[in-house]
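1. Sharing a model that was predicted from the sequence below.
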Amino acid sequence: MNIKLICSGLLVLLTGCADLSMYNQVPAPVGGTAQSSNYPAQREPAKVETYALDDAEPTGYIAQPEAVVATNSPAIVALLDGAHQYREQGQYDMAALKLERAVRISPRNPQVWHELANIRMAQQQYEMAISLAKKSNLLAAGNRVLQRNNWLLIADSFSYLGQTSAANKAKRKAASLF
Amino acid sequence: MAKPRNKPKTPKKNIKDRKAKPNRHVFRAFLLRLFALTFVVIVAYGVYLDYIVRNQFEGKRWELAAHVYANPIELYQGVPLTVNQLETLLIDLRYQRSVSLTSAGTYYRSGNTFKIKTRPFEFFDGREESKSIRVHVSNNRVGSIQNIRSGSSIALLRLEPVQVGSFYPSHKEDRILVKISDVPQTLIDGLITIEDRDFYQHYGVSIKSIFRALWANIKAGGVVQGGSTLTQQLAKNFYLSSERSLWRKIKEAMMALILEFRYQKDEILEAYINEVFLGQDGARSINGFGMASVFYFNKPLIDLKPHQVALLVGLVKGPSYYDPRRHAKRALKRRDLVLDEMARMGVLPVQQRNIAKRYGTGISTFKRFSGSRFPAFLDLVKRQLSRDYKEEELNSDGLNVFSTLDYTLQTTAEKIFKTTLKSLNKQYGIEKGKLQGAMVITRREGGEVVAVIGDRNPEFDGFNRALDAIRPIGSLVKPAVYLTALSKPSQYTLTSLIDDSSISLKQQSGELWEPQNYDKQEHGQVPLHSALTHSYNLATVNLGMELKVPKVKRTLEELGIRRAINPYPSLLLGAIPLSPVEVAQMYQTLAGEGFFTPLRSIQSVSSNDNIALQRYPLSVRQVANPSSVYLLNTALQEVMSEGTGRSAYRHLPANYRLVGKTGTTDELRDSWFAGFSGDYLAVVWLGRDDNKPSKLTGASGALQVWSKVMRAISKQTVSLTQPEDIEYVWVDPSGLRANEFCANAVQYPYIKGSAPVEYSPCVGAVGRTLKRAGDWFNDFINNK
């Protein structure tokens, strides 16, 4: 009986340690890989006012770690690439079409939903973009990089909608993830 | 009296002349006026006919049917597809076996490997060219796809979609338009030879032709030549009814003259080629050589060989009489006659004529797709389209409608639905043929409708129960009640105790409403999840009255119900009539974990010449807290594993996670089931059209259909994303906090902060302390 208690005590301690280890993850590189140009919010003139935050202001979207990208099947990669190309050319409907094909193939892939949110934002359909980003977040359990990117997208969209308090809330959520 | 002196004296013989002269004048004048009047009438009539000719010819010439396509099959590594499914699909796409892949639309299978030469297709987002590919299937999935020529691997390939229906113009003519430049020369030569030898020389009507044809036909003892010119035939078919009269002939001649005056020979020929009636297929008529080529030979017109062209030319004189499918000998004889004439006229080399005559009719045996192969689904498409397109546009603009239908899934579901209903009808001793039903299947994510069944005989185009059978949903409403409760985590959790005891409510009419449980028992204080799992009526009503019925109504509206809802207590037990598709919309939000997605049956629409017109994009909107929905879905999963839905596992593996709810109404009039797996959501309704008791509960009826279909189509078990503010906590049977060492303790999800705080007696003091220490440590770490 005592051994059981000691073991369960150790177990409790160990779970505590497990939590600790999550924060040892090296965050993905920022800026250098120049992924920020992918995200239209960075190109549009920011209508956002500055705000005071204790932590460092989240500067930009972070690229997905290689490991996450690699788990996408070749079909999804092909569709995401195609959508990306269309988006660069401003052909948003065509890009969305590719992404919707991706949803049919891999319905719960959070990255696909995130890209759909990006398209909607590029098309200035901000409320839709927010919903899609939230959906992506729901499916992105454990993927902090993607969740952060989603919250940044949501924050930007709220800003465009003029809902500054909601935007700030979203920014704080993004910041809290790192 | 004396005669007047002024009267001139005329010789007697002139009197007759003088009397005749005025009559001649009058007569001539009368004739002149008659001619003038006739001339004016003819000219006026001519102007009128001219107007008609021009209007039809230059305006929208033909009303073209809209064609509806299923969702195209995507081939990629890992897609679940058996060898037989792939082969059936290719056959349904009218692909032909060919070892050497001679043309687009051929395939060859050896074992598990397919060689396919795909047909090009104009998708909404552009043309996909023909490709020669090798597809390998292993373990019921596509293993690899390679380009045969280059050997490179292909990541993703869209096959052309199956055409699943059409919306025909009222006259039910089906056409594929061809341009004169796409018409084989043999066809033009053949038509000129047989129908109108002087086509390029005459002015619309040819007297010479009439006599020559008469003479030739007498000599040949059969109808070798026609006396009407092609232009006259065009006028007849295009503008006039089929009544035969002299007056009609005159009209026809006048219009032919006008056509020739107004338009070039090539334009007239092209119109003729697209107009002429060449066969009947049930309710639809086959018009134009473009359509006839596909209908008889399963090939585009430009690909036809001389013997095939000759057969079609022969049909002009009598499509039914010379029908190659029903009168093959006659058709062959006629074809040979055409070939001989063509050789005699010198437009077909004798050698070719000889080769051609050696062929049989060469008619394709492919089963035709009539307009309403999937009437219930097409009905949904039409209704959704008619929000954006007028009826005339839908029926006559030749639109290409790209739908969300999954062809394989629909046909599979139909088979199972049909046989299961038959056997249930028998098994439960229901009056023969009286058990009816409907089914709607959608993708769990994205809300695309992949299958719709509206009748026990799915192919029957009648009352579409999937869309129009509005029936009370019974216990299917309960998830809305429980979601309303679970959205208030401070008051209700999955383990909160609620009262399953009798309740009596006074209605507006003064009558008392005293609901009962299915087993007529009261179960006392029961955990919330249990009440839902076992579908207790009393507990639900008690809970609903606590929450207030208007709140439940609000939840239903948020979930996606658009129909007006009466906020009476009976709502809590499902006295709300809905159609199966509306129920699907409601449960779609649960499958979407709180995100509402409007159900769609169409992806996009393009015009007849492949210009992108409209897209129906994927959209979502968060309408419920994902955490509350997670709790609800967890309970609904329990419905399947332990509750009223557990008989689903007669047909599915025990570890195949499902989420669903049974629904039964008063006196078993309606049998409902709504639920989802990882990939599909499906709603089934069974009942009788005359609303008499169907003898089936939701579990014994609808669920059986549902689980059999799911077994056949679903490839993914349910996964529910656990939101971040959900924690799993051990509780004992009475709902007090426990740990994994307690007997009969189970883990349940709770929204953080709502889990029971009070400890169960089964947890000792040390256990509580350790737990507190662990919590403190966690908090310490998390505060950084």
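-> Looks like it arrived, so ask away. The structure presented is a predicted model; accordingly, all values stated were derived computationally and were not measured. Residues are numbered from 1 along each chain as shown, chains lettered A, B, ... in the order given.

2. from here on, contacts and neighbour counts on C-alpha atoms
-> Fine.

3. Sketch out the low-pLDDT regions of the stretch 51-200 of chain B for me.
-> B:59-61, B:170 (pLDDT under 70).

4. So which residues of it form strands?
-> Ranges of strands in the stretch 51-200 of chain B, per DSSP state E, counting those that start in this stretch, are B:66-69, B:74-76, B:96-97, B:106-110, B:113-117, B:121-123, B:126-128, B:132-138, B:141-147, B:156-158, B:163-167, B:173-174.

5. Of all the ones you listed, which one is nearest chain A?
-> In terms of Cα to the nearest Cα, the element of those nearest to chain A is strand B:156-158, at 5.2 Å.

6. What helices and strands are in contact with that closest one?
-> helix A:74-88, strand B:74-76 (3 or more Cα pairs under 8 Å, 6 or more residues apart in numbering or on different chains; DSSP states H and E).

7. partner strands of that strand, parallel or antiparallel?
-> Sheet pairing of strand B:156-158 (DSSP bridges) gives strand B:74-76 (antiparallel).

8. rewinding a little: out of the helices and strands packed on strand B:156-158, which is the most enclosed?
-> Ranked by mean neighbour count, those are led by strand B:74-76 with a mean of 21 (mean count of other Cα atoms under 10 Å in any protein chain shown).

9. Secondary structure class of B:Leu613, three-state.
-> Secondary structure, DSSP: H, G, I helix; E, B strand; the rest coil: B:Leu613 is strand.

10. Does it touch B:Ser607 like I think?
-> Yes: between B:Leu613 and B:Ser607 there is a contact under Cα atoms under 8 Å: 6.4 Å.

11. For those two, work out which one has more neighbours and name it.
-> The residue with more neighbours, out of B:Leu613 and B:Ser607, is B:Ser607; 16 against 12, by other Cα atoms under 10 Å in any protein chain shown.

12. Distance of that one relative to chain A?
-> Distance, B:Ser607 to chain A, by Cα to the nearest Cα, to the nearest Å: 17 Å.

13. That residue contacts B:Asn400, correct?
-> Yes: here B:Ser607 reaches B:Asn400: they are 6.0 Å apart, a contact under Cα under 8 Å.

14. How about the residues of the stretch 451-600 of chain B by chain A?
-> The stretch 451-600 of chain B comes close to chain A at residues B:Phe595, as judged by Cα under 8 Å from any Cα of the partner chain.

15. Indicate the residue of the stretch 451-600 of chain B located nearest to chain A.
-> Of all residues in the stretch 451-600 of chain B, the one sitting closest to chain A is B:Phe595 (7.5 Å; Cα to the nearest Cα).

16. beta partners for that residue?
-> Taking DSSP bridges as the rule, B:Phe595 bridges to B:Gln622.

17. List the residues that contact it.
-> Residues near B:Phe595 by Cα atoms under 8 Å, 6 or more residues apart in numbering or on different chains: A:Lys135, B:Thr589, B:Val620, B:Arg621, B:Gln622, B:Val623, B:Ala624, B:Pro626.

18. Which one of those is nearest to B:Ala712?
-> Among the contacts of B:Phe595, B:Thr589 lies closest to B:Ala712 (Cα to Cα), at 23.9 Å.

19. Chain A contacts on chain B?
-> Proximity of chain B to chain A is confined to B:76-77, B:125, B:155-156, B:445-446, B:595, B:617-622, B:721-724, B:766-767, B:770-771, B:774, B:777-778, B:781 under the rule Cα under 8 Å from any Cα.
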